[in-house]
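1. Sequence and predicted structure are below.
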2 protein chains.
Amino acid sequence: MKDAIRVAMLGCGTVGGEVVRLLRDQADELTARAGAPVELVGVAVRRPHKHPELGALLTTDASALVTREDVDVVVEVIGGIEPARSLLLEALKAGKSVVTANKALLAEDGATLAEAADASGADLYYEASVAGAIPLLRPLRESLAGDRITRVAGIVNGTTNFILSAMTESGASYADALDEATRLGYAEADPSADVDGYDAASKAAILATLAFHTRVTSADVHCEGIREVTAADIAAATGLGCVIKLLAICERAPATADAPESVSARVYPAMIPTTHPLAAVDGAFNAVFVEAEAAGQLMFYGQGAGGAPTASAVLGDLVAVARNRVVGGRGPRESAYASLPIRPMGTVPTRYHVSLDVADRAGVLSTIAGEFARHGVSIAAVRQSGGGTTYDGAPDPEPGAPARLVLVTHAAPEAALATCVAALTGLEAVHGVDSVLRVEDLGRKGVR
Amino acid sequence: MKDAIRVAMLGCGTVGGEVVRLLRDQADELTARAGAPVELVGVAVRRPHKHPELGALLTTDASALVTREDVDVVVEVIGGIEPARSLLLEALKAGKSVVTANKALLAEDGATLAEAADASGADLYYEASVAGAIPLLRPLRESLAGDRITRVAGIVNGTTNFILSAMTESGASYADALDEATRLGYAEADPSADVDGYDAASKAAILATLAFHTRVTSADVHCEGIREVTAADIAAATGLGCVIKLLAICERAPATADAPESVSARVYPAMIPTTHPLAAVDGAFNAVFVEAEAAGQLMFYGQGAGGAPTASAVLGDLVAVARNRVVGGRGPRESAYASLPIRPMGTVPTRYHVSLDVADRAGVLSTIAGEFARHGVSIAAVRQSGGGTTYDGAPDPEPGAPARLVLVTHAAPEAALATCVAALTGLEAVHGVDSVLRVEDLGRKGVR
């Protein structure tokens, strides 16, 4: 048997605690799979008194731990940009391999980590950073390495999916659903990273980088959260046979006469048909569709967060890194050779659902339809409710009352829709724009 | 740039043709990802005149090709046991790495191939052998290497899924649905490998081997096909809120007082609830659930067959093998260290749906229920229809006519159910056993 692979861990919260437990409970199996014992030799934490069970393994000097001569691999589960970045760069420079779950750091500055790993020939693995236990990065990076990926789209944040599922099921307001999520431990005290979409945007950046062999950072990802989603929006979606999900979408846009091939990465709440498999993904689960030219459409589904699932992904990487050490090889490197440009969000076409509060009088629909036409936004469907006007020829019960006009457009560029909506608000006949929501018609095959 | 990685291919049918096309169309991308050009240097086929476009690459001497000194990697897409086995063993002995889609060979004699690869330090990859383009083997072997997999269950044969879907949708007989599948190219002229379950059994053997680190061969897999599934069975399933799917199930059974920890691998048609995500997988698509202790439940879904999807999996492996050659490493090896025993099928518990033609007279139900009890098979639900007896108190319209008795059992061992059914056929009150079908209640979470 080879010498043990010696592991240092940074942080010991929910995920770290599970990593420690699995390393201990599955020691024999991990040894057999890695080809050598995988031994935890140190854990850096801020408050050692909270981890009495770790005894002599504990240290508060993370910097000394990551460069300790006998350490082979550093597992990082503290999260955030600093001090994680500095510590991992020190570790990589010292030739230690790194396994990390840190999506924020990878999305902001993955290039620096990848360069440091290349420089010293160390491994950098981060399966746990996206979609918890769902094997997603390895399939993108390795299984599909011989294919051309065209789209990666899915639900990658469990907190927002829990909140939107609760709103859909009970008709609750956003605030009430967030309260419930917080009470049940699905949302943190400061929920901003989740509900404002930043967590999903980090994951979209990581997915787009791997899928398109192009460095995409969180700053490149157009990001909208779910704070503005109202119970009325949910009801409107239901009326259209849709549900609202926070989607992360990474797409390859083919070259056109005006523009080169490019990639788009974006996060926003959108309506999807209830018949789409993603619509059935409830609660804290994650699911991601991948489309590739030869492979066609693939779906990956599972638990996207939580201590044990995330630890499973960390341990999978740890076994891979340990194996590489044992046989003297190295895992696949980052590859950003394609360096495709980021498509400006204004040019990305989507369908929209627009709900307007309008004056109820003759000619209003014509005026509004004209405004859409003037901005080149084509209308696919329109419905008027409330107020006095009815389309079915029934008598007008309350002439002159305000009415609601709901339009669904064909795919239109973001910028055209935005200027159109701005123009609508300036119309005397429009009392207000109640909501503007994207409608995503993600292609699907083979599932009823 | 490194020297080219030189590839020889055995066979050039549907999959091979797509491999050739992708190698040519994506040459630049593959070079960037592999770290060296990936160059096709020879293709062995039986009938060269069918492949004029390959010109000087063609040979009929496969044996000479696989040991040619300038060849680094052999891609095998001929299928079947021989000559594929001999050729791949020659290649591995000569130090060539192997990428194969040959499920039958791997399931029958994967150990010999793995030993040959170990002996020469060559790579052996076979993602394309199971579930086409769906990344499944790499996640099992690598992503979940730090976890303990408890179950792998799914739909891994597109032909039978197409036939069962057609029977469910149209009420067609098995024979008519098979004819349609043959006409549309989903079934081969000799459909035995698919409809008798052998193809799925090979895949189950490969999945169980990887999931449980235990060598499982096709001979270890209990295998029943779909030839006996009738339109009446499909209708019975519909009546129970179920559909019938051909399932491949690989399970880890914990140790008990009487038996050590073991693994079970089996293929058979079974009823599953229509609300289960696998129930919605229609036509030629594949989907596989994986359950692991830390990761929880994962699902993988996509196209399980076809030239382009299978070629995508071959190319992914080819890029991995080429990378390993470029950096001088080697991919993860086979690992069968656990060597768990195979659980005898007779002891595997399942729920059953039993449909009986019975005499319609007082006391019959009591007799039959007594027979189940005598064999230790507990009844979960019972329904009687046809004939004269009714449970709702309505008058008996046709006393003495034959009646149908449908029972659903609680989980019972295969052997107990089999002896119980044999005993039932000996009862004077039982005119016939119309069907015995398993009911699988695959656990599911997080999806409506």
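-> Okay, I see it.

2. Please count neighbours and contacts with C-alpha atoms only from this point.
-> OK.

3. and the stretch 251-400 of chain A, which of its residues are near chain B?
-> When proximity is defined as Cα under 8 Å from any Cα of the partner chain, the stretch 251-400 of chain A approaches chain B at A:280-285, A:294-303, A:308-320, A:323, A:327-330, A:332, A:335, A:337.

4. Now intersect those with the helices, please.
-> Mapping those onto helices (DSSP state H) picks out A:308-320, A:323, A:327.

5. middle-most residue in chain A, spatially?
-> Against the mean C-alpha coordinate of chain A, by Cα atoms, centre = their mean, the closest residue is A:Ala200 at 2.9 Å.

6. now that one: how far from chain B?
-> For A:Ala200, the distance to chain B equals 19 Å [Cα to the nearest Cα, to the nearest Å].

7. Next, the contact list for that residue, please.
-> A:156-157, A:194, A:248, A:267 (Cα atoms under 8 Å, 6 or more residues apart in numbering or on different chains).

8. still on that earlier bit, buried ones among the residues of the stretch 251-400 of chain A next to chain B?
-> Among these, those classed as buried by 16 or more other Cα atoms under 10 Å in any protein chain shown are A:280-285, A:294-303, A:308-320, A:323, A:329-330, A:332, A:335.

9. does A:Val74 count as helix, strand or coil?
-> strand (DSSP: H, G, I helix; E, B strand; the rest coil).

10. Can you name the residues bridging to it?
-> Beta-bridge pairing of A:Val74, defined through DSSP bridges, involves A:Ala8, A:Val98.

11. pretty sure it is touching A:Ile5, no?
-> No. Using Cα atoms under 8 Å, A:Val74 is not in contact with A:Ile5; the gap is 10.8 Å.

12. With neighbour numbers in mind, choose between the two.
-> A:Val74 (28 against 25; other Cα atoms under 10 Å in any protein chain shown).

13. show me what contacts that one?
-> Contacts of A:Val74 (Cα under 8 Å, 6+ apart): A:7-10, A:66, A:88, A:91, A:96-99.

14. Any figure for the gap between it and A:Ser202?
-> 22 Å (Cα to Cα, to the nearest Å).

15. One more: A:Ala231?
-> A:Ala231 is 27 Å from A:Ser202, by Cα to Cα.

16. follow-up on the earlier one: looking at the contacts of A:Val74, which has the most residues close by?
-> Highest neighbour count within the contacts of A:Val74, by other Cα under 10 Å: A:Val66, with 30 neighbours.

17. my guess is it meets A:Leu89, correct?
-> No. Using Cα under 8 Å, A:Val66 and A:Leu89 do not qualify as a contacting pair, with a distance of 9.5 Å.

18. Would you map out the domains in chain A?
-> With domains defined by automatic domain parsing, chain A comprises A:5-132+A:307-327, A:137-303, A:346-439.

19. can you give me the end-to-end distance of the second one?
-> The stretch domain A:137-303 measures 15 Å between its terminal residues, going by Cα to Cα.

20. The first one too?
-> With Cα to Cα applied, domain A:5-132+A:307-327 spans 12 Å between its terminal residues.

21. what does the last one give?
-> Its first and final residues considered, domain A:346-439 spans 16 Å by Cα to Cα.

22. pLDDT of that domain, averaged?
-> Mean per-residue pLDDT for domain A:346-439: 84.

23. What strands line up against the helix-or-strand element of chain A with minimal mean pLDDT, and which way round?
-> Least confident helix or strand, chain A: strand A:379-385 with a mean of 86, by mean pLDDT, DSSP states H and E. Next to strand A:379-385 in the sheet, as set by DSSP bridges, lie strand A:403-409 (antiparallel).

24. Following the chain past the partner strand, name the next helix or strand.
-> Heading C-terminal from strand A:403-409, the first helix or strand you meet, by DSSP states H and E, is strand A:412-413.

25. From the contact counts, what lies against that next one?
-> If contacts are counted by 3 or more Cα pairs under 8 Å, 6 or more residues apart in numbering or on different chains; DSSP states H and E, strand A:412-413 sits against strand A:349-358.

26. just the angle between the following helix or strand past the strand it packs on and strand A:349-358, please?
-> Scanning forward in sequence from strand A:349-358 by DSSP H and E, the next helix or strand is helix A:364-374. In terms of direction (axes from the mean of the first three to the mean of the last three Cα atoms, to 10 degrees), helix A:364-374 departs from strand A:349-358 by 150 degrees.

27. what's next to helix A:364-374, contact-wise?
-> Here helix A:364-374 has contacts from A:358, A:378-379, A:420, A:423-424, A:429, using Cα under 8 Å, 6+ apart.

28. Go through those and single out the one with the most neighbours.
-> Highest neighbour count within these, by other Cα under 10 Å: A:Val358, with 23 neighbours.

29. In contact with that residue, which residues?
-> By Cα under 8 Å, 6+ apart, the neighbours of A:Val358 are A:364, A:402-405, A:429-432.
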